[in-house]
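Predicted model follows, preceded by the sequence.
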Amino acid sequence: MTEARKEEMKQTQYANWLKYYIKSAASRQEHYPTWFEELVGGPLSRAMAYPMYCTRGYVFIKRPGITNRKTVNYGVVVRTDSIDYYGEITDILEVEYPGVINLKCILFKCDWYDPRVGRGVRLTKYGVTEINSTKQLRKYDPFILASQAAQVCYIPYPQVGVRQYPWITAHQINPRSRVDGVKEKEPLQQIAVNEITQVDQSVGDIPLVDIENIELEQIWENAEDEEDGEEFEDQNDSASSDYSSDSE
């Protein structure tokens, strides 16, 4: 029996013991919230399986058996504070918790590579992460939430000998609609709002006119006065010209 199988049986036994402990809480005069009892009871035995799932700008697919696809979207990485786990998606499942909790969540079932540095993962002097494709994680812990996964692409080295090189490179994929880069200049946008002060109502000795307080009738009267003044000036000019011609 493999270590992974032993770990699976151990976790199953622990889950069954926890269910029994919560169900028998009433006999010990212990009370737990209803949603907690439903969560410990586990999801429905039937789950929905999907070949593809899109989230946070990533398009994940489960690892196919044999394919001629030019793109591979089944590589994932889960980063923690101390270690990074690299793996491949084998199944995409939607599980449902019935009752009051009414929870649905997407799980990725993955095969994981050995995360130990130097054995399953190493970093080259050029900053490239390499994965040993022949080393697998023996601990049984295949499931992760879809929200925990980031996408990576595994690229093998060209085969130059009879024996295939076991180390492959892992390159993280940027989510769609996001561009990573270094900005050289600050964006051309206002970052603060200045206070507007009251404008002085006079420029030198000439007072400014408050247009809002001028009535429409007063504007028309001023316009008619200007037209009358222009006609009077025209008459004076014509009269002076006639007088000058007579005198001549």
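Received the coordinates, thanks. Residues are numbered from 1 along each chain as shown.

Show me which strand runs longest in the protein.
strand 84-97 (DSSP state E).

Given that one, what are its sheet partners and their directions?
strand 48-50 (antiparallel), strand 75-79 (antiparallel), strand 103-112 (antiparallel) (DSSP bridges).

Turn the ones you listed into JSON lines, including mean pLDDT and distance to residue 156.
From N, CA and C alone the C-beta is placed, and that goes for glycine too. Formatted as JSON lines, the strands paired with strand 84-97 follow (pLDDT from 0 to 100; distance: least, C-beta to C-beta, whole Å):
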{"stretch": "strand 48-50", "mean pLDDT": "91", "distance to residue 156": "28"}
{"stretch": "strand 75-79", "mean pLDDT": "92", "distance to residue 156": "12"}
{"stretch": "strand 103-112", "mean pLDDT": "91", "distance to residue 156": "17"}
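
Could you pull out the helices in the chain for me?
3-23, 34-41, 216-247 (DSSP state H).

For the first one, give the mean pLDDT please.
So the one you mean is helix 3-23. Averaged over helix 3-23, pLDDT sits at 79.

for the second one, same thing?
Here helix 34-41 scores 83 as its mean pLDDT.

Distance-wise, check residue 36 relative to residue 18.
11 Å (C-beta to C-beta, to the nearest Å).

from the strands paired with strand 84-97, which stretch is densest packed?
Among the strands paired with strand 84-97, strand 75-79 has the highest mean neighbour count (mean count of other C-beta atoms under 10 Å), at a mean of 20.

Contacts for it, please.
With contact meaning C-beta atoms under 8 Å, 6 or more residues apart in numbering, strand 75-79 is reached by 60, 84-89, 108, 110, 144, 148-154, 170, 172.

what about the residue lying closest to residue 173 once chain neighbours are set aside, how many neighbours?
Using C-beta to C-beta, 6 or more residues apart in numbering and skipping residues adjacent in sequence, the residue nearest residue 173 is residue 151, 4.3 Å away. Number of residues near residue 151 (other C-beta atoms under 10 Å) recorded here: 21.

Identify the residues contacting residue 151.
For residue 151, the contacting residues are 58, 60, 73, 75, 76, 77, 172, 173, 175, by C-beta under 8 Å, 6+ apart.

quick revisit: let's have the strands paired with strand 84-97 in TSV, adding distance to residue 9.
Supplementary listing: these in TSV, determined by distance: least, C-beta to C-beta, whole Å:
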stretch	distance to residue 9
strand 48-50	24
strand 75-79	24
strand 103-112	18
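
between those strands, which gets nearest to residue 13?
strand 103-112 (20.6 Å; C-beta to C-beta).

can you give me the end-to-end distance of stretch 155-166?
Distance across stretch 155-166, first residue to last, is 11 Å (C-alpha to C-alpha, to the nearest Å).

what's the spacing between residue 138 and residue 20?
Computed as C-beta to C-beta, the residue 138 to residue 20 distance reads 29 Å.

more neighbours, those two?
With neighbours defined as other C-beta under 10 Å, residue 138 and residue 20 compare such that residue 138 has more, 12 against 9.

these two touch, right, the more buried one and residue 2?
Yes. The criterion here is C-beta atoms under 8 Å, and residue 138 meets it with residue 2 at 7.3 Å.

pLDDT at the residue nearest to residue 173, what is it?
For residue 151, the predicted pLDDT is 93.

Now for the protein, the helix or strand with the poorest mean pLDDT.
strand 202-203 (a mean of 50; mean pLDDT, DSSP states H and E).

quick revisit: let me have the contacts of residue 151 in TSV, extended by distance to residue 130.
TSV is the format used below for those (distance: C-beta to C-beta, whole Å):
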residue	distance to residue 130
58	22
60	23
73	20
75	14
76	17
77	13
172	14
173	17
175	24
